[in-house]
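> For reference, the sequence and a predicted model appear below.
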Amino acid sequence: MTRFALSAVIALTLAAPAAAQERRASSPASGDQGREALTHAYQKEYAFLASEQAALERRLAELEADAVRRAAAAAADLGAVEERLRALRLEVEAERARLVKLDEEAAALDDGAGALEGVLSQAAALLPPGDRPDDRVRAVDQALGELGALLRRRASVRRAPGSFFLADGSEATGDVVWLGAVACLGASPRGAGALAPAGGGGLQLWEATGGADAASAARTAAGGALPATLPVYVFESLDKPADRPVIKTPVETVRRGGEVAWVIVGLGLVAACLAAGRVAILWRAGGDPTPLLDAVAPLVASGRAGEALAKAQAGRGAAARVVAAMLPHLGAGADRLESAASERMLQEGLRIERFEAALLVAAAVAPLLGLLGTVTGMISTFDVITVHGTGDPKLLAGGISEALITTQLGLSVAIPALLAGNLLTSWGEALRAGMERAALRVTLLTLPPPPTPSRPVRTTSSRLPVPEEPELVGAGEPAA
């Protein structure tokens, strides 16, 4: 409707000038009237177009408002659809979880049915062929009764004839006293004691438990009386043989530590030898120089240097040797005496410091070797895991033992070596201090005694004499 009106307006607008020109051509005389008619026609057309424009604007506003309303309605419908979609998705998830739960319950029922079938089959197999009831419930009830009786029988202390293996591998027959199903004692004329699994349902005499007490207890229990204390070996089943206990000797421990452990042990022996040698050296260099100096001082003061030297040479220790080296140079001056003392103290100091650095190096290297053994042990463990996995812990015990044993040995060598090194170093420092004190004491013997202070002279006069002023002599000036 709007498109038709707009087309009509355009057509009239185009036709109006043509009509006016035709009218001007047909009647040139009536120009004024034609101009007025044309103006009137234009005004009429303009009013018509203005009204059409207003109508079109109202229609456009109505269409826009209608479009806004439809868009809002569509958005509201879309939100409602999305909410419904979310609700449906939640319902789907809930149904899916319920379906999974139902599947699990069905699988559990299938397992229960299979287990029930297995129990029924075992119950039928346990019963005698002529005593198998047709009713499965009665079969299960009878089988459970038999099982309860078996459990009660195996949970009690009972004695039964049986056989077991002795320590030398031979088989002996006698009485076996069962303590439930976890331990047993055996007694036979050839041997008695606690029994342990031998594998395959067999038993073996376990001499590592109890010894003579276990043998006496086993014979007493076989006689029908249970002693107050029963040394037994507790086991889980008889299918797997019991492992013999390993006696851990020092050599076996070091062997399990590998090559690094032997190196650490060798280093420990070297450190012990160094410490012993250093103790011997310091012992020979030790000794208190005070008694010797107290005996030498009077001899030097009285001029008997030969006797003092003989007494110093007969003394023991580094300080005595320093004194003996200084006494021949008492009259040669302080410099010569100091040189002789320094030379002898240097020789004694080198002797005192012998093996000191080597002992401290051994104390520092030992823990590093222990760390090296730890690393090699862990590498061995990971190699075993790569090949055999982690199913059997015994396969991993070798590498772990190597790692821990080497660490223990390294610390066991380092700690005593470090303590001994520091203590012996302190001992050496004390000996050096003693040599320096002895050298200083001998040096003081060569100094002249201090002068005796003179007594003041008393005068009878109360006035003191006034000293004369010294003459001051200047350059070219007479004395005043």
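Received it, and whenever you're ready, just let me know what you need.
> and the host helix or strand of Arg278, which residues are buried?
Assigning secondary structure by DSSP states H and E places Arg278 in helix 259-285. For helix 259-285, the neighbour count (16 or more other CB atoms under 10 Å) marks 260-261, 263-265, 267-268, 271-272, 274-275, 278, 281-282, 285 as buried. For the C-beta atoms, the positions are set from N, CA and C on the backbone; glycine is no exception.
> Show me what that helix packs onto, helices and strands only.
Contact partners of helix 259-285 among helices and strands, from 3 or more CB pairs under 8 Å, 6 or more residues apart in numbering; DSSP states H and E: helix 250-256, helix 334-352, helix 356-388, helix 393-445.
> What are the contacting residues of the second one?
Among residues not part of helix 334-352, those counted as contacts by CB atoms under 8 Å, 6 or more residues apart in numbering are 281-282, 285, 318, 321-322, 325-326, 328-330, 428, 431-432, 435-436, 439, 442-443, 446.
> Could you identify the buried members of those residues?
Applying 16+ other CB under 10 Å to the contacts of helix 334-352 flags 281-282, 285, 318, 321-322, 325-326, 329-330, 428, 431-432, 435, 439, 442 as buried.
> related to what we said a few turns ago, for the helix holding Arg278, what is the distance to the chain centroid?
32 Å (CA atoms, centre = their mean, to the nearest Å).
> Let me know the average pLDDT across that helix.
Mean pLDDT, helix 259-285: 91.
> Could you do stretch 169-188 as well?
Averaging pLDDT along stretch 169-188 yields 84.
> Alpha carbons only: can I get that stretch in CSV?
Extracted in CSV, the C-alpha atoms of stretch 169-188 (Å, rounded to 0.1, in the frame of the first residue of the first chain):
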residue,chain,number,x,y,z
GLY,A,169,68.1,-82.8,55.9
SER,A,170,67.0,-86.2,57.0
GLU,A,171,63.3,-86.9,57.7
ALA,A,172,62.2,-87.9,61.2
THR,A,173,58.9,-89.3,62.4
GLY,A,174,57.3,-88.4,65.7
ASP,A,175,54.7,-86.2,67.3
VAL,A,176,53.7,-82.8,66.0
VAL,A,177,52.0,-80.4,68.4
TRP,A,178,49.9,-77.8,66.5
LEU,A,179,49.3,-74.4,68.1
GLY,A,180,46.3,-73.5,65.9
ALA,A,181,47.5,-73.0,62.3
VAL,A,182,50.3,-70.6,62.9
ALA,A,183,53.0,-72.5,64.9
CYS,A,184,53.9,-76.1,65.8
LEU,A,185,56.4,-78.1,67.8
GLY,A,186,57.9,-81.4,66.9
ALA,A,187,59.4,-84.2,69.0
SER,A,188,61.1,-87.4,67.8
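> Tell me which residues of it come out buried.
By neighbour count with 16+ other CB under 10 Å, stretch 169-188 contains the buried residues 172, 174-179, 183-188.
> May I ask which two of these are separated the most?
Using CB to CB, the buried residues of stretch 169-188 reach their maximum pairwise distance at Ala172 and Leu179, which is 19.5 Å.
> Out of the buried residues of helix 259-285, flag the one nearest to Ala160.
Checking the buried residues of helix 259-285 against Ala160 with CB to CB, the nearest one is Ala261 at 49.2 Å.
> Who are the contact partners of the closest one?
Neighbour list for Ala261: Val254, Arg255, Gly373, Glu402, Ile405, Thr406, Leu409 [criterion: CB under 8 Å, 6+ apart].
> Which of these sits closest to Lys311?
Distance to Lys311 across the contacts of Ala261 (CB to CB) is lowest for Leu409, with 50.9 Å.
> domains in this structure, as residue ranges please.
Domain assignment of the chain by automatic domain parsing yields the ranges 1-154, 156-245, 256-445.
> helix, strand or coil for Ala160?
Here Ala160 is recorded as strand under DSSP: H, G, I helix; E, B strand; the rest coil.
> show me the contacts for the nearest residue to it once chain neighbours are set aside.
Excluding the flanking residues, the one nearest Ala160 by CB to CB, 6 or more residues apart in numbering is Val176, at 5.8 Å. Going by CB under 8 Å, 6+ apart, Val176 touches Arg159, Ala160, Pro161, Gly162, Phe164, Cys184, Leu185, Gly186, Leu195, Leu203.
> now those residues: which count as buried?
For those, a burial check counting by 16+ other CB under 10 Å picks out Arg159, Gly162, Phe164, Cys184, Leu185, Gly186, Leu195, Leu203.
> I'd say the fourth one and Gly193 touch.
When you say that, I think you mean Cys184. No: at 10.7 Å, Cys184 does not count as touching Gly193 under the criterion of CB atoms under 8 Å.
> list residues touching both of those two?
Taking CB under 8 Å, 6+ apart as the contact rule, Cys184 and Gly193 touch no residue in common.
> Show me what the longest helix along the chain is packed up against.
Identified as the longest helix of the chain according to DSSP state H is helix 31-126. Identification of packing neighbours for helix 31-126 by 3+ CB pairs under 8 Å, 6+ apart yields helix 2-26, helix 136-154.
> looking at those helices, which one has the lowest mean pLDDT?
Lowest mean pLDDT within those: helix 2-26, at a mean of 51.
> I'd like to know how far Ala363 sits from Ala276.
Using CB to CB, to the nearest Å, Ala363 is found at 15 Å from Ala276.
> scratch that, Ala314 is what I was asking about
Distance of Ala314 to Ala276, given as CB to CB: 28 Å.
> try His388
To Ala276, His388 is 47 Å away according to CB to CB.
> before we move on, back to that, pick out whichever of the buried ones among the contacts of Val176 sits closest to Leu60.
For the buried ones among the contacts of Val176, the residue nearest Leu60 by CB to CB is Cys184; the value is 107.8 Å.
> Just the CA coordinates for the helix or strand containing Ala295, please, in CSV.
In the assignment (DSSP H and E), Ala295 maps to helix 290-301. Extracted in CSV, the C-alpha atoms of helix 290-301 (Å, rounded to 0.1, in the frame of the first residue of the first chain):
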residue,chain,number,x,y,z
THR,A,290,109.1,-26.3,84.2
PRO,A,291,111.0,-28.8,86.4
LEU,A,292,113.9,-28.9,83.9
LEU,A,293,114.1,-25.1,83.7
ASP,A,294,114.0,-24.8,87.5
ALA,A,295,117.0,-27.2,87.7
VAL,A,296,118.9,-25.5,84.9
ALA,A,297,118.5,-21.9,86.0
PRO,A,298,120.7,-22.1,89.2
LEU,A,299,123.4,-23.9,87.2
VAL,A,300,123.5,-21.2,84.6
ALA,A,301,123.5,-18.5,87.1
